[in-house]
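Enquirer: need coordinates for the following:
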Amino acid sequence: MPGRSSQSSPLQYVGVAVALVAVVGSVALGWEFGGTGDTTPLVLGGTCAVVAVGWALYRQA
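Expert: Here you go, the predicted structure:
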């Protein structure tokens, strides 16, 4: 992501958790994060996007 990097440990742990969910979901559960047939990856991705935007707005305030 452009901009300064975050050294926040909680955010790094969240990033690792999201990556693990994505890998396990893709490999073991057959999720396709670019597909349109499954809503679970869409909800996970949307949630991550909302958290990222919220964190960026929080940091600016």
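
Enquirer: could you pull out the helices for the chain?
Expert: 9-27, 39-60 (DSSP state H).

Enquirer: any chance of these in TSV, plus mean neighbour count and mean pLDDT?
Expert: Heads up, the C-betas are built off the backbone N, CA and C, glycines and all. Output for those, formatted as TSV (neighbours: other Cβ atoms under 10 Å; pLDDT from 0 to 100):
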stretch	mean neighbour count	mean pLDDT
helix 9-27	12	80
helix 39-60	12	79
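
Enquirer: give me the residue at the spatial middle of this structure.
Expert: Among the residues of the chain, the one closest to the centroid is Cys48, at 3.8 Å (Cα atoms, centre = their mean).

Enquirer: isn't that residue right next to Ala17, touching?
Expert: No: assessed by Cβ atoms under 8 Å, Cys48 is found out of contact with Ala17, at 10.2 Å.

Enquirer: for Val14, see how far away Trp55 is.
Expert: 9 Å (Cβ to Cβ, to the nearest Å).

Enquirer: again, but for Gly37
Expert: From Gly37 to Val14 the distance is 27 Å (Cβ to Cβ).

Enquirer: then Val43?
Expert: 16 Å.

Enquirer: do the same with Ala49
Expert: Ala49 is 13 Å from Val14, by Cβ to Cβ.
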